[in-house]
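Participant: Take a look and give me a structure for this.
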Amino acid sequence: MKILAFAPNSAIWPHAFPEALILESLQKSGHQICYVGCGQLFEKYCISMSAYGIKPDALLQDKQKVCKLCANYKNIIKNDFSFNGFDLVDDVKSADREQVAAILQNATPSNFWDIELDGIPVGRYSLHEFLLKHKKSSLQFSDEEWKQYIPQLENTLLSFFASKRMLDREMPDRVLVYNSFYSVNHVCCELAAQRGIPHYLLHAGGNMHKRMQTISITRGYAIHELNKNPLWKKYREIPCSREILSSVTDHILSLLNAKSGFVYSAPKSREELNLRNFFGVTENKKILLATMSSRDERFALETIGTMPQVLDTIYPTQIEWIKALLNYVRTRDDLFLIIRVHPRDFPNKREKVKSSQAFILESLFQNIPDNVRINWPSDNISLYDLAEIVDVVLNAWSNVGKEMTLLGIPVVAYSADTLCAYPSDINYVGATQEEYFHQIEQALSDGWSLENVRKAYRWCGFEYSRLLLNISESFKYDEDMSISLIDRVLKKLYTIYDPYHQQKSDCKNRAERLDSQAIINQLIVNANVTILDNRDSDTENTVSLSEETMFLREELRRVAIALYGNNLDVVRGKLGQNIIRCIN
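Facilitator: Predicted coordinates:
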């Protein structure tokens, strides 16, 4: 098989090197690899520049530094892994550039949506990174935003012409990209699909514990539909091994540390907090925690067509959902509602922009009932501190829904497998408004449960262990690892002596072959959707329900120690007491 790796962002080494490991594994299985770089085709602005903190209006010389780095990293990979290939820029002709210039000249904020080439909605695909960067949930652009969007549109158009010519000439059997939602990658993938060529998305694993040492490979855009994977119905009935459950706990502990830029919550406080007092909640009230989601991420994926727009939920927008909750608790003296605004809607450690949804919320929350408080990101309160006092979590589509279920807290959702990225069957779900509020009452009545923990651990075992490939034998990069002063000094000296020391070292120290080589080969050759598609779950080492329960209690002890320290006899919070009773 000829496998084309569409890799215009080699400058992002933690993405490029794992991708190269997968490609080498396929090469060792007898496949021909064609490694395609950028060749400065996207020199005006690109994903790599954004990753290095370069802004769209930066000086040309600053952008060119990233281009040079990208080219050098690409050459290191091609030489060390013995990949053949070429650059996209070589497949763009002067006539293509003239057509791109003509399209850009005629593009306006009112017609760009209709820009289409060979049935590919290029104008729509070019929006992905732009919408995320500006946290937009509408297509209304300011003059400055439009100015920043144009280079994105230009890149996507150039990618279209280069990819079309490249695919027609090379005629690969498969296309692999690191994140096929990026606009220039997306166009290549859709052109491949038009030609009947399966395309695969590579991405770092979702398990926050050593995230970069695992990798997900899924066909098409299935990574955003894992909750609908038919295999889950089988695996949700299978008790998990100690190893799988332990990997899920590792993920939880990383969330508690909150070191990764992909973890939005503040870390768990080391001190005992009186959050009831902070929010003004009297002891006789049960607490509902409504966890909101950022709208822009979902809007971006809906806009580019890789995630279906959901129109049949009981609450079409989160604003309507929040209004319904406000009305629900307004006359309930026994309840107190805390609304947790998603940190991404406001400037945070990853993005410095305030979303359009944030302005709407600030207006909505000007007048709220006495038994309602807002948990703003500026409060700097960890989700895991809030977990100590809440009775039930009400979730829109945030991953908080599974994170709180992992701790045994009942979670109620208002959509069945259409909004959340995890299966709704690990939560309480209401399909109608009447049923939704009935489920809230049921969750309040049922309270904390080990069965909640079990369901969430099984799902996360499916998502964060069974569906991921471990590449740690060849890539030791750890986002959470603290580097000593001596190591930092040595790294600096190595970089001065050889700017590419780390990259060369990674290549030199990789394993002879990946342990998962046969699995990777089977996935690609059979054009499967995930690595589980041809695996027989019945042949796994089976674990009994009672053994799984014992393992779960062991994992909950690990979680408890991370939350409260080694002396578990003095734990006072509601969540802590529930966990301690369970593990004892």
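Participant: residues contacting residue 223?
Facilitator: Residue 223 is in contact with 201, 203, 216, counting by CB atoms under 8 Å, 6 or more residues apart in numbering. C-beta coordinates here come from the backbone N, C-alpha and C atoms, glycine included.
Participant: Secondary structure class of it, three-state.
Facilitator: helix (DSSP: H, G, I helix; E, B strand; the rest coil).
Participant: Pretty sure residue 290 sits against residue 341.
Facilitator: No: here residue 290 does not reach residue 341: they are 9.6 Å apart, not a contact under CB atoms under 8 Å.
Participant: which residues do the two both contact?
Facilitator: Here residue 290 and residue 341 share no contacting residue, scored by CB under 8 Å, 6+ apart.
Participant: count of residues packed around the nearest residue to residue 211 once chain neighbours are set aside?
Facilitator: When the adjacent residues along the chain are set aside, residue 211 lies closest to residue 204, with 5.2 Å between them (CB to CB, 6 or more residues apart in numbering). When counting by other CB atoms under 10 Å, one arrives at 22 neighbours for residue 204.
Participant: do the same with the one 3 residues further on
Facilitator: Using other CB under 10 Å, the number of residues around residue 207 comes to 21.
Participant: returning to that earlier point: so who does the residue nearest to residue 211 touch?
Facilitator: If a contact means CB under 8 Å, 6+ apart, then residue 204 has 14, 15, 18, 211, 212, 214, 215, 216 as its contacts.
Participant: May I have the phi/psi pair for residue 380?
Facilitator: According to degrees, to the nearest 10, the main-chain angles of residue 380 amount to phi 60, psi 40.
Participant: Report the separation between it and residue 346.
Facilitator: 12 Å (CB to CB, to the nearest Å).
Participant: How about residue 443?
Facilitator: With distances defined as CB to CB, the gap from residue 443 to residue 346 amounts to 29 Å.
Participant: burial measure for residue 79, as a count.
Facilitator: When neighbours are defined as other CB under 10 Å, residue 79 has 10 of them.
Participant: okay, it: pLDDT?
Facilitator: Turning to residue 79, the model gives it a pLDDT of 97.
Participant: again, but for residue 356
Facilitator: Among the per-residue scores, residue 356 shows a pLDDT of 69.
Participant: For residue 108, grab the count of nearby residues.
Facilitator: The number of residues packed near residue 108 is 7, by other CB under 10 Å.
Participant: May I have the secondary structure class of it?
Facilitator: Here residue 108 takes the coil state, with states given by three-state DSSP.
Participant: so where's the stretch 451-584 of the chain shaky on pLDDT?
Facilitator: Along the stretch 451-584 of the chain, the model assigns pLDDT under 70 to residues 479-497, 536-541.
Participant: rerun that using 80 as the cut-off
Facilitator: For the stretch 451-584 of the chain, applying pLDDT under 80 flags the ranges 478-498, 534-541, 569-572.
Participant: now the closest residue to residue 442 other than its chain neighbours, which residues is it bridged with?
Facilitator: If the residues on either side of it in the chain are set aside, residue 442 comes closest to residue 428, at 6.4 Å by CB to CB, 6+ apart. In this structure, residue 428 has beta-bridge partners residue 412, where bridges are defined by DSSP bridges.
Participant: you'd agree residue 428 is up against residue 414?
Facilitator: No: with contacts counted by CB under 8 Å, residue 428 stays clear of residue 414, the gap being 10.1 Å.
Participant: Between these two, which is the more surrounded one?
Facilitator: Taking neighbours as other CB under 10 Å, residue 428 and residue 414 compare with residue 414 leading, 28 against 25.
Participant: Quick one: residues contacting the more buried one.
Facilitator: 313, 314, 315, 321, 396, 429, 430, 436 are the contacts of residue 414 under CB under 8 Å, 6+ apart.
Participant: from those residues, which ones fall inside strands?
Facilitator: Judged by DSSP state E, the contacts of residue 414 include residue 429 as members of strands.
Participant: Closest one of the contacts of residue 414 to residue 181?
Facilitator: Proximity of those to residue 181 (CB to CB) peaks at residue 396, which lies at 21.2 Å.
Participant: what sits against the nearest residue to the closest one once chain neighbours are set aside?
Facilitator: Nearest residue to residue 396 in three dimensions, chain neighbours excluded: residue 293, at 4.6 Å (CB to CB, 6+ apart). Shown in contact with residue 293 (CB under 8 Å, 6+ apart): 318, 342, 396, 397, 398.
Participant: burial measure for the second one, as a count.
Facilitator: Each residue near residue 342 was counted by other CB under 10 Å, and the total is 23.
Participant: what about the nearest residue to residue 198 once chain neighbours are set aside, which SS state?
Facilitator: Of all residues not flanking residue 198 in the chain, residue 527 sits nearest, at 4.7 Å (CB to CB, 6+ apart). Here residue 527 is recorded as coil under three-state DSSP.
Participant: the helices in the stretch 151-300 of the chain, which residues?
Facilitator: Listed in chain order, the helices found in the stretch 151-300 of the chain under DSSP state H, counting those that start in this stretch are 183-194, 232-235, 242-257, 275-279, 295-303.
Participant: As JSON lines, those helices with mean neighbour count, mean pLDDT and distance to residue 367 would be great.
Facilitator: As requested, the helices of the stretch 151-300 of the chain are exported to JSON lines (neighbours: other CB atoms under 10 Å; pLDDT from 0 to 100; distance: least, CB to CB, whole Å):
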{"stretch": "helix 183-194", "mean neighbour count": "23", "mean pLDDT": "97", "distance to residue 367": "41"}
{"stretch": "helix 232-235", "mean neighbour count": "16", "mean pLDDT": "92", "distance to residue 367": "43"}
{"stretch": "helix 242-257", "mean neighbour count": "20", "mean pLDDT": "93", "distance to residue 367": "34"}
{"stretch": "helix 275-279", "mean neighbour count": "15", "mean pLDDT": "93", "distance to residue 367": "18"}
{"stretch": "helix 295-303", "mean neighbour count": "21", "mean pLDDT": "83", "distance to residue 367": "22"}
